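Peer 1: Here is my input, please return the structure:
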Amino acid sequence: MSRIVVTGIGIITPLGATVPDNHAALKEGRSGLSSLELFPSKYASLLPFGEIKITNEDFNQKLGVTEKGVTRTTLLALHAFQQAIADSNLSADDLQSSDTALVNGNTIGGMCLSDELYMDANQNEVGSEYISSYNLGSVNMYIQQRYKIGGVVNTFNTACSSAANAIMYGARLLKNGFAKRAIVGGTDSLAKFTINGFNSLNILSSSHCKPFDKDRAGLNLGEGAAFLVLEREEDAKGKKIYGAVSGWSNTNDAFHPSSLSDDGEGPYLAMKEALKVAGLSPSQIDYINTHGTGTENNDEKESIAMMRLFETPPAFSSTKSNIGHTLGAAGAIEAVYCLLNLTHQEVYPSVNFSEAIPSTGLIPVQSYQKVPLKHVMSNSFGFGGNCSSLVFSV
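Peer 2: Have a look, this model is predicted:
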């Protein structure tokens, strides 16, 4: 079985609307966190967010979206999707082929239109234009219908590991002969429903998040989308190859609805099994893009899991310090960042860090560095103990 390679990538985050924009910002250690501007919330001036400063109206115009009820979640996905298929030079015939799969992860779906749906429910007797876009599958259904995607179409909602699981599923479709190419990724938008929900957990930081720092005080919510085009290496002749998806794993420690166990069993097993699939030893991983949310529980337990698996943990950082936690999109966005690591042979700094967690002493990458990289890992851990790790290789 040949390698599964990435032949196209697309992305939009608070750092920029293109891959080059994101790459430049990461190298400079820039933050995309700011105050909330595009929709009303009582937390707009109280908390920082990773908001993309493009209105839905501008997205609709740029993307040629005229249908009613298309959510911001879908608009972000469509923006990144178009970049990825153009980058991979996929034709209309390719997209409509029965061996082209579309797999997306998200957690917000149409909840960003909860207020509009509520108003319609109280004012209209004939239903609402927002009902059809409210469920999680509406993002993929819109893209499928617009581009007439001909193969397997699936949506993952496993909280913050959603997009990582979408990538894993796409790789497995290719490995087992159920698709010739898979367009995989994730998307999520900021929404009042989400902000209020995370605030009720008391894990939103009133300052810019500080992953793996002694004084970390919680996460910042962000929004964004990213897609990758996966193909078997023999089908990708003549195409630019960003890297290979060489390992993957999803585990569940069944410990707690929103916390990792004291020994980091879920993350430990996810990383260990991803290495097994890749046929690698721990010492061969050169860098880890950690889950690194900036919360008290995650950063300590992820550190413990890394210390259990690696005799000496490799270089690591959390790009959530740049863009916030993009929830269901995080695994795809961070996968693109890992591919930039490999393509340019470099690692990016984890911003806002000052002092290590006393119980672990691990220090993330502090400055932009050119380093030789062959294998990098990306971690995504979701509520309910749903832990996923991916390995990307040159």
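Peer 1: Could you use CA atoms for every contact and neighbour count after this?
Peer 2: Noted.
Peer 1: Next SSE downstream of the helix or strand bottoming out on mean pLDDT in the chain?
Peer 2: Lowest mean confidence among the helices and strands of the chain (mean pLDDT, DSSP states H and E): helix 114-123, at a mean of 63. Note on helix 114-123: by DSSP states H and E, the next helix or strand toward the C-terminus is helix 138-147.
Peer 1: avg pLDDT for that following helix?
Peer 2: Confidence for helix 138-147, expressed as mean pLDDT, is 95.
Peer 1: got the contact list for that helix?
Peer 2: Helix 138-147 is contacted from outside by 73-74, 77-78, 92, 95-96, 102-104, 109-110, 132-133, 149-150, 153-155, using CA atoms under 8 Å, 6 or more residues apart in numbering.
Peer 1: which parts of it are buried?
Peer 2: S138, V139, N140, M141, Y142, I143, Q144 (16 or more other CA atoms under 10 Å).
Peer 1: same deal with stretch 195-208?
Peer 2: For stretch 195-208, the neighbour count (16+ other CA under 10 Å) marks I195, I203, L204, S205, S206, S207, H208 as buried.
Peer 1: Could you save these as TSV and add columns showing pLDDT and distance to V65?
Peer 2: Listed next are these as TSV, based on pLDDT from 0 to 100; distance: CA to CA, whole Å:
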residue	pLDDT	distance to V65
I195	91	27
I203	93	36
L204	95	33
S205	96	35
S206	95	35
S207	96	36
H208	97	34
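Peer 1: With distance to K180 and secondary structure added, can I get these in JSON lines?
Peer 2: Shown next, in JSON lines, are the buried residues of stretch 195-208 (distance: CA to CA, whole Å; DSSP: H, G, I helix; E, B strand; the rest coil):
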{"residue": "I195", "distance to K180": "39", "secondary structure": "helix"}
{"residue": "I203", "distance to K180": "42", "secondary structure": "coil"}
{"residue": "L204", "distance to K180": "42", "secondary structure": "strand"}
{"residue": "S205", "distance to K180": "43", "secondary structure": "coil"}
{"residue": "S206", "distance to K180": "46", "secondary structure": "coil"}
{"residue": "S207", "distance to K180": "45", "secondary structure": "coil"}
{"residue": "H208", "distance to K180": "42", "secondary structure": "coil"}
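Peer 1: For L327, state which of these is nearest.
Peer 2: If you rank the buried residues of stretch 195-208 by distance to L327 using CA to CA, I195 comes first, at 11.5 Å.
Peer 1: and the closest one, what is it in contact with?
Peer 2: L221.
Peer 1: check which helix or strand covers S354.
Peer 2: Assigned by DSSP H and E, S354 belongs to neither a helix nor a strand.
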